[in-house]
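Novice: Generate coordinates for the sequence data below:
(chains A and B)
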Amino acid sequence: MKILHKAVAGSLESSDVLISVEPADEGLSINIESVVLKQWGARIRQVVEESMQAAGVSQARVDVRDHGALECTLKARIETVLLRAGR
Amino acid sequence: MSKMIANALGRLVPTEVEGLGEFAPFTGAFDRLRGDYSYARAATRRTVPACQRDKVTKSIREAIERSGLKDGMTISFHHHMRNGDGVLPLVMREIQAMGIKDLTLAPSSLTDAHDCVADMIEAGVVTGICSSGMRGRIGQAVSEGKLARPALIYSHGGRARAIEEGRIHIDVAFLGAPTCDKYGNFTGSTGPSACGSLGYAMMDAKYASHVVAVTDNLVDYPLMPRISIPEQQVDQVLLVDSIGDPRKIASGTVRYTRDPVQLRQAWLAFELIKASGYLAPGLSYQAGAGGASLAVTGFLKDYMLEKGIKGSFGVGGISGHTVDMLEHGLFDAVLDVQSFDAAVTGSLHNNPRHIEIDASGYANPFAGSCAVNHLDVVVLAALDVDVDFNVNVMTGLDGVLRGASGGHSDTAAGAKLSVVLCPCQRTRVPAIRDHVQTVVTPGETVDAIVTERGICINPRNEELLRAAQAAKLPVLDIHKLKNDIEAMTGKPEPVPFDESKVVAVVEYRDGTLIDSIYKVK
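Specialist: Numbers count the residues shown, from 1 in each chain, chains lettered A, B, ... in the order given. Okay, the predicted model is just below:
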């Protein structure tokens, strides 16, 4: 999958996550902010990386602003943002 | 750092705290309440003021100079103005400007109005803190290890005990006085900055070496009809433009919650109270100021009205809802140590059944007796809990101080039925743990933990378990609930602490240490 334009999914509500994706010239850069960074920062990064890999995205800037989303929510938001951002 | 030893809950606590002396470890909630514990009151010194002098000054600096405040002393304030307090910032800024340093700040609690203290910690003006609550920038600064000596967290009853015992001696108390006469009789029940009960401030007024009443509403002598703190306990009257903003006393708790998760907890808690048999004529009741706790009060009120059940008294932390129950004749009286809602002040002032009590009469475990001991039911909140029913209300998910001990452990120990409300998870972090982050209230004083998924009953209370089962309430084993929640959220990484540095100790209400709080990484 190639990221063609910037897109967002999710919200800043408690227990949700706001993810934005935009095209990048090279590599995958992931920025994570989370209200539970100490507890879940590493796991969130792992899920984002795995999801990008599964979708075949190797070039993108990903911005994750997490307000304590469950993992199912996180995965759903990633899936949606990718559908919105690329082809 | 002094030696650390394990207390009865297995928590490591210091045997001595710099500036505060030696402490015994927690051994059990009622170990010092068996009738054989005694103490000697610490001796203190007070300067006798000259007679026939003018007690009123308009200069903050002059009041501080006259009080004899020096480096290294202990000063106090009350937090009855809550988020609207203007007294502490006003006085502390002048103290800082005068170059006084190394003070221990021992207010009844610290609120969002007191963030300026964080700067005074950095500047070395404040090097020790004893308080029920710590949050905002102060909580952050203390958790980062910026305070020179470990902070002490006490409960409201524990503070009253510590002051009466002389464990904490206040050199100068600056007490916000919403209406005050020129000889220092004052009350919180009237005036443009009325805050209601002055229950916590009464302790400082009785025991501090020097008392300054700080008012923005000076009235003719004698103040009448209500005097909360009398002139004989007051050394000076300081007249300022404003002591704060009473609109900020209510912390957004006026309306009932609409959050379905909180309403589900509240409904289950109400059903449990009903099943327990305590919801009967003569009920005595207290609830915290949180949304879910207030919703329990709402359900209780409707039920009592419908069934014509008349209770005996409400205690606390008095909200508009408790006053509403008093006015509906559902209680004979309310005992008010602290008014949560500026709207309550009219009731305190006008209704003889709305009684102002001091912190010792409210919850001091060493008092002759105290109101919390006569409670049938208390409804409390929690940040997180553990499978041994221990409760944390002090440190947030990230390990940073952001709460208040308040009357939590006092009421849990005193009430016949203590119910703790807690959501299953907050922002993907399970609220039921193997070991709670910081113990404020020990599990042996907690009867039930109510979540939106069901009720966990402390195995110590078999009678309650049988009653809940008979009422067909959703009773869950706490270990099973913990596992179910983790299946949904996953298991979070533990929050890292620097365990070589204790930044605060949690004192149980009887003066023993129940837990230590470490520097965050």
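Novice: From now on I want contacts and neighbour counts done on CA atoms only, so please keep to that.
Specialist: Fine.
Novice: gap between the two ends of stretch B:361-372?
Specialist: Start and end residues of stretch B:361-372 are separated by 9 Å (Cα to Cα, to the nearest Å).
Novice: List the buried residues of that stretch.
Specialist: Across stretch B:361-372, burial judged by 16 or more other Cα atoms under 10 Å in any protein chain shown covers B:Gly361, B:Tyr362, B:Ala363, B:Asn364, B:Pro365, B:Phe366, B:Cys370, B:Ala371, B:Val372.
Novice: could those residues be laid out in a markdown table, adding distance to B:Asn350 and secondary structure?
Specialist: Compiled in a markdown table, those are given as follows (distance: Cα to Cα, whole Å; DSSP: H, G, I helix; E, B strand; the rest coil):
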| residue | distance to B:Asn350 | secondary structure |
| --- | --- | --- |
| B:Gly361 | 22 | helix |
| B:Tyr362 | 21 | helix |
| B:Ala363 | 25 | helix |
| B:Asn364 | 27 | coil |
| B:Pro365 | 30 | coil |
| B:Phe366 | 32 | coil |
| B:Cys370 | 24 | coil |
| B:Ala371 | 22 | helix |
| B:Val372 | 24 | helix |
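Novice: Could you dump the residues you listed into CSV with distance to chain A added?
Specialist: Listed next are the buried residues of stretch B:361-372 as CSV, based on distance: Cα to the nearest Cα, whole Å:
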residue, distance to chain A
B:Gly361, 40
B:Tyr362, 37
B:Ala363, 36
B:Asn364, 37
B:Pro365, 38
B:Phe366, 41
B:Cys370, 40
B:Ala371, 38
B:Val372, 36
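Novice: could the residues you listed be laid out in a markdown table, adding distance to B:Gly316 and pLDDT?
Specialist: Shown next, in a markdown table, are the buried residues of stretch B:361-372 (distance: Cα to Cα, whole Å; pLDDT from 0 to 100):
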| residue | distance to B:Gly316 | pLDDT |
| --- | --- | --- |
| B:Gly361 | 11 | 98 |
| B:Tyr362 | 8 | 98 |
| B:Ala363 | 10 | 98 |
| B:Asn364 | 13 | 98 |
| B:Pro365 | 15 | 98 |
| B:Phe366 | 18 | 97 |
| B:Cys370 | 12 | 98 |
| B:Ala371 | 9 | 98 |
| B:Val372 | 9 | 98 |
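Novice: Wait, B:Cys422 touches B:Ala431, no?
Specialist: Yes: counting by Cα atoms under 8 Å, B:Ala431 is a contact partner of B:Cys422 at 7.2 Å.
Novice: now chain B, which segments are flagged as low pLDDT?
Specialist: Applying pLDDT under 70 to chain B flags the ranges B:1, B:250-255.
Novice: So which residues on chain A come close to chain B?
Specialist: Neighbours of chain B within chain A, by Cα under 8 Å from any Cα of the partner chain: A:Ser14, A:Ser15, A:Val35, A:Val36, A:Lys38, A:Gln39, A:Trp40, A:His67, A:Gly68, A:Ala69, A:Leu70, A:Glu71.
Novice: Neighbour-wise, which one of those residues leads?
Specialist: A:Ala69 (29 neighbours; other Cα atoms under 10 Å in any protein chain shown).
Novice: Provide a list of residues in contact with whichever residue of chain A sits closest to chain B.
Specialist: Closest contact between chain A and chain B, by Cα to the nearest Cα, is at A:Gly68 (3.6 Å). Neighbour list for A:Gly68: A:Ser14, A:Ser15, A:Asp16, A:Val17, A:Ser34, A:Val35, A:Val36, B:Arg426, B:Thr427, B:Arg428, B:Val429 [criterion: Cα atoms under 8 Å, 6 or more residues apart in numbering or on different chains].
Novice: Next one, pLDDT for it please.
Specialist: For A:Gly68, the pLDDT comes out at 96.
Novice: is it true that it lies in a strand?
Specialist: No: counting by DSSP: H, G, I helix; E, B strand; the rest coil, one finds A:Gly68 to be coil, located in no strand.
Novice: Quick one: neighbours of the nearest residue to it once chain neighbours are set aside, just the number.
Specialist: Distance criterion Cα to Cα, 6 or more residues apart in numbering or on different chains; nearest residue to A:Gly68, sequence neighbours excluded, is B:Thr427 at 3.6 Å. Counted with other Cα under 10 Å, residues neighbouring B:Thr427 total 19.
Novice: Same question for the one 3 residues further on.
Specialist: By other Cα under 10 Å, the residues close to B:Pro430 number 24.
Novice: Please look at it and B:Ile485 and confirm they touch.
Specialist: Yes: between B:Pro430 and B:Ile485 there is a contact under Cα under 8 Å: 6.4 Å.
Novice: Find residues that contact each of the two.
Specialist: Both B:Pro430 and B:Ile485 are in contact with B:Cys424, where contact means Cα under 8 Å, 6+ apart.
Novice: What is the nearest of the residues of chain A next to chain B to B:Ala118?
Specialist: Nearest to B:Ala118, judged by Cα to Cα, of the residues of chain A next to chain B is A:Val35 at 22.3 Å.
Novice: Could I get the contacting residues of B:Leu348?
Specialist: For B:Leu348, the contact set (Cα under 8 Å, 6+ apart) comprises B:Ser189, B:Gly196, B:Ser197, B:His354, B:Ile355, B:Glu356.
Novice: Wasn't B:Val502 part of a strand?
Specialist: Yes: assessed with three-state DSSP, B:Val502 lies in a strand.
Novice: Okay, and the beta partners of it?
Specialist: On the basis of DSSP bridges, B:Val502 is bridged to B:Tyr518.
Novice: What strands flank the helix or strand in which B:Ile129 is found, and is each parallel or antiparallel?
Specialist: Using DSSP states H and E, B:Ile129 falls within strand B:126-131. Strand B:126-131 has the following sheet partners, assigned by DSSP bridges: strand B:103-105 (parallel), strand B:151-153 (parallel).
Novice: For those, state which one has the densest average packing.
Specialist: strand B:151-153 (a mean of 27; mean count of other Cα atoms under 10 Å in any protein chain shown).
Novice: Residues contacting it, please?
Specialist: B:128-133, B:142, B:405, B:503-507.
Novice: and the two most separated of those?
Specialist: Taking every pair in the contacts of strand B:151-153 and measuring Cα to Cα, the maximum separation is 17.7 Å, between B:Gly128 and B:Ser405.
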